[in-house]
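Enquirer: For reference, the sequence and a predicted model appear below.
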Amino acid sequence: MVTTEHAGMDDGHPAAANNKVSPASVAPPVEGLTLGPGLVLPVEAVTETFAILAKRGAGKTYTAAVLVEEMMGAGLPVVIVDPVGVWWGLRSSADGTAEGLPVVIFGGDHADLPLAETAGELLADLVVDERVPAVLDLSTLSKSAARRFMTDFAERLYHRNRDPLHLVLDEADAFAPQRTDPGGQRLLGAIEDLVRRGRARGIGVTLITQRRAQQRRPHPGRGSHRPADDRAPRRRRDR
Ligand SMILES: Nc1ncnc2c1ncn2[C@@H]1O[C@H](COP(=O)(O)OP(=O)(O)OP(=O)(O)O)[C@@H](O)[C@H]1O
Ligand SMILES: [Mg+2]
C-alpha cells in the first residue's frame, strides 16, 4: 500500500483559508498504516501513543512524517505541533515540484494563516469541528507565547474532541517545562491529559524527542527522494 494511491489525497488541494477537508468521507478503507516492509500498524493506532526517541539528526521527524502520511492516506486527521518550523514541507512533494499533503499551515514563515498566541482555543475548535489536518508552526513565537498557545490548545482539544485524531508533538521537550516555570504546571497538566488519557477522547499522540537518545538511526525502510540537505519533511512521492 502506498499512500499516494489513496483517492482521498487526490481529491484534496493544498490548504486554503476556506478549505474544509473531510478525509474520512472521501478515503477508501485501508488495511493498515505501512511504516516499512513488515511494519504495518492497524488504523486504530491513530488513538495510540508513540514516542520517537533518538539523537539529533537521526531521522525522528522523517519517521513521524511517514506515520503522518500514512494516517492522512487512511483518511485520519492529523495535527502537527512544530516548534522549529520544518513541517511546512509536507505541503510539497519530495522533490518540491508537486503538491504534497493537504494540510493547512498555521503560523511560521510559510503560513497559510497566521497563528496568534491567543488562538489556542480557536484552533482547537477548528480541528474538533472541521477535522482540518494542520501544522501548527510555533517557530516564530517566543517561548512564552508558544507555551500559552499550546496550553490553551491542548486543554480545549482534550475537553472537546471525541472522534479519532492524531497529534504529533515534534521537539516535545518544549512542552515539558519544569513545574516551577511560570505556567509550567498548567501546560504539563494539559499535555499529560492528552498523552495519558487522550485515547478515551479519540486522541492519539506521537512524541518526538532527543531525550534518552541512545537508539541507533531508525530505518523506516522506504525510499525517499527528499534531498538529504533539506530538513523539511516532504511527501515522499509525487502524485
Ligand atoms: N529513512 C530515511 N531515508 C532517507 N533520508 C532520511 C531518512 N531518515 C532521515 N533522513 C534524512 O536525514 C536527515 C535528518 O532527518 P530528520 O530531520 O528527520 O532527523 P531528526 O532526528 O528529526 O533531527 P533533529 O534532531 O535535528 O530534529 C534529513 O535530511 C532526512 O531527510
Ligand atoms: Mg526533527
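Expert: Everything's here; your move. Ligands and ions are numbered 1, 2, ... in the order given.
Enquirer: State the distance from the residue most central in space within the chain to residue 140.
Expert: Taking C-alpha atoms, centre = their mean as the criterion, residue 80 is the residue nearest the geometric centre of the chain, at 2.5 Å. Separation of residue 80 from residue 140 (C-beta to C-beta, to the nearest Å): 16 Å. No exception for glycine: its C-beta is placed from N, CA and C like everyone else's.
Enquirer: Next, the contact list for the residue nearest to residue 82 when sequence neighbours are not counted, please.
Expert: Excluding its sequence neighbours, the residue lying closest to residue 82 (C-beta to C-beta, 6 or more residues apart in numbering) is residue 137, at 4.9 Å. Residues near residue 137 by C-beta atoms under 8 Å, 6 or more residues apart in numbering: 82, 85, 87, 88, 105, 106, 107, 108, 109, 110, 111, 115.
Enquirer: For the closest residue to the second one other than its chain neighbours, give me the pLDDT.
Expert: Distances taken as C-beta to C-beta, 6+ apart put residue 139 closest to residue 85, at 3.0 Å, once the chain neighbours are dropped. At residue 139 the predicted local distance difference test score is 97.
Enquirer: And residue 98, by the same measure?
Expert: Residue 98 is assigned 78 on the pLDDT scale.
Enquirer: what's residue 138 in contact with, if anything?
Expert: Listed by C-beta under 8 Å, 6+ apart, the contact set of residue 138 reads 81, 82, 83, 107, 108, 115, 146, 149, 150.
Enquirer: now those residues in TSV, with secondary structure and neighbour count?
Expert: Shown next, in TSV, are these (DSSP: H, G, I helix; E, B strand; the rest coil; neighbours: other C-beta atoms under 10 Å):
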residue	secondary structure	neighbour count
81	strand	25
82	strand	26
83	coil	22
107	coil	27
108	coil	23
115	coil	26
146	helix	22
149	helix	24
150	helix	23
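Enquirer: farthest pair in those residues?
Expert: Farthest apart among these by C-beta to C-beta are 108 and 150. That separation is 14.5 Å.
Enquirer: Secondary structure class of the residue in the chain that ligand 2 sits nearest to, three-state.
Expert: Proximity to ligand 2, evaluated over the chain using C-beta to the ion, is greatest for residue 61 at 3.2 Å. In terms of secondary structure, residue 61 is helix; the call rests on DSSP: H, G, I helix; E, B strand; the rest coil.
Enquirer: Spatially, what comes nearest to it if we skip its sequence neighbours?
Expert: Spatial nearest neighbour of residue 61, excluding adjacent residues (C-beta to C-beta, 6+ apart): residue 233 at 5.5 Å.
Enquirer: Let me know whether the one you found touches residue 88 as I believe.
Expert: No: the criterion here is C-beta atoms under 8 Å, and residue 233 misses it with residue 88 at 9.1 Å.
Enquirer: more neighbours, the two?
Expert: residue 233 (28 against 24; other C-beta atoms under 10 Å).
Enquirer: Distance of that one relative to residue 100?
Expert: Residue 233 is 9 Å from residue 100, by C-beta to C-beta.
Enquirer: List phi and psi for residue 170.
Expert: phi -80, psi 150 (degrees, to the nearest 10).
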